[in-house]
Each structure stands twice: as C-alpha cells, then as structure tokens.
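Peer 1: build me a model from this:
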Amino acid sequence: MTVRTTKLTPSLLARKILCTAYMPAPFGQGERLIFLGLHAMTVVKVIARHLRMGYMLKDVERCGNGYRTDLILVSPSGRRRVSEVKSAKEIKEVHRIQAALYANAEVDEIAVSNRNNDEVLDPRFVQDILKRAQLTRQLFTQDPSAATSIYTPHHDICGMCANVACPFLARPNASAPQMRARC
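Peer 2: Reported below is the predicted structural model:
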C-alpha cells in the first residue's frame, strides 16, 4: 500500500495540529475585505519596524507550495528571517505553530509579528512543530475518518470552527454541557 502525503496549507495544518477535527467556518466577502485591510496595514507596520532595525526587505508574500510567506527579511548580520504577520492584538499559539511550518533550509529564523512586536521562535519549538505536523499528516493519510473525529478543544480555534459534530462547541437547544472558546 502506498502512503501519499496529505496536502494542508500551513494555516489549516496549524489548526489541525491543535484539533484534527477542526473545520474552518465560512468567511464572507465583507469579512475577507476587512481582514485583508487589517493585514495590509499590519504588514506595513512590521516592514517599517524592521527597516528601522536595519533589516533589508527581500520579499513580500512569496508563494510557496500551496501557501504564501508574508515577509522575508535579512538582518544587518545577514540572517534570513521569515516573518508571519498577524493582525491580531496578541500572538497566539496557533500563530506560532503556523509560523513554524514555514521552516526551510533557506531560513535562519522564524518570527511571528503583529503591529507591536516580533516574537522569534525557538528552534526546538520549530522542530517539535515539524514533527507534530508530520504525525498529523500521517494520521490524515492513514485514517482520515478517525482524524476528523478526534475533538480537542482549544481556545485559539474553537471560535472559528464549523464542525457541527463537535461536542465542545456551543449550539442552541443542545442539552449536554458545552464549552465555547473565546478567541
């Protein structure tokens, strides 16, 4: 039996690492435009901050294998940094996980950036996430139905999940105790 790799974008894979049953909620066109505007403003702030620190901007929204890396910068010492830009006020675990998934041989460090700061990820954290990503992909490849029925509530993603079968999401008229994450 041949095992094929399941293709998941870093954004979706980060959420699947936290809860394999996660299903993204629909994103309306109006919400998408607001998100894109906030993201663009944050990208400008992150670029300006890095330029003030002496970084050179090498690339913006570089396309990868089914994904886009937000920023690629080079420090005054020559270190290459990938910066995953988030418009959120606080950097969350799911953001760190997504950024770690952009690791490759051409990058010396990975950061998650919002409008106020840059959080450089520890290389051990990145390696741990890459291992977890491999295991998550394996699970989806070997037993997709089991993978989509493992419910793991997590405050970073439950508020954006549309999996109606999840016992942890609050629904009207449900009789069981429920949890609704606040993101």
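Peer 1: hang on, isn't Tyr22 packed against Cys161?
Peer 2: Yes: counting by C-beta atoms under 8 Å, Cys161 is a contact partner of Tyr22 at 5.3 Å. (Each C-beta comes from the backbone N, C-alpha and C, glycine too.)
Peer 1: quick one: which of these two has more around it?
Peer 2: Tyr22 (25 against 21; other C-beta atoms under 10 Å).
Peer 1: that one in helix, strand or coil?
Peer 2: coil (DSSP: H, G, I helix; E, B strand; the rest coil).
Peer 1: which residue packs closest to it, ignoring adjacent ones?
Peer 2: Nearest non-adjacent residue to Tyr22, counting by C-beta to C-beta, 6 or more residues apart in numbering: Arg15, 4.5 Å away.
Peer 1: show the contacting residues for the one you found.
Peer 2: Tyr22, Pro24, Val94, Ile157, Met160 (C-beta atoms under 8 Å, 6 or more residues apart in numbering).
Peer 1: state the distance from it to Thr152.
Peer 2: 11 Å (C-beta to C-beta, to the nearest Å).
Peer 1: quick one: the helices in this protein?
Peer 2: Assigned by DSSP state H, the helices in the chain fall at 10-18, 29-52, 93-100, 123-142, 144-147.
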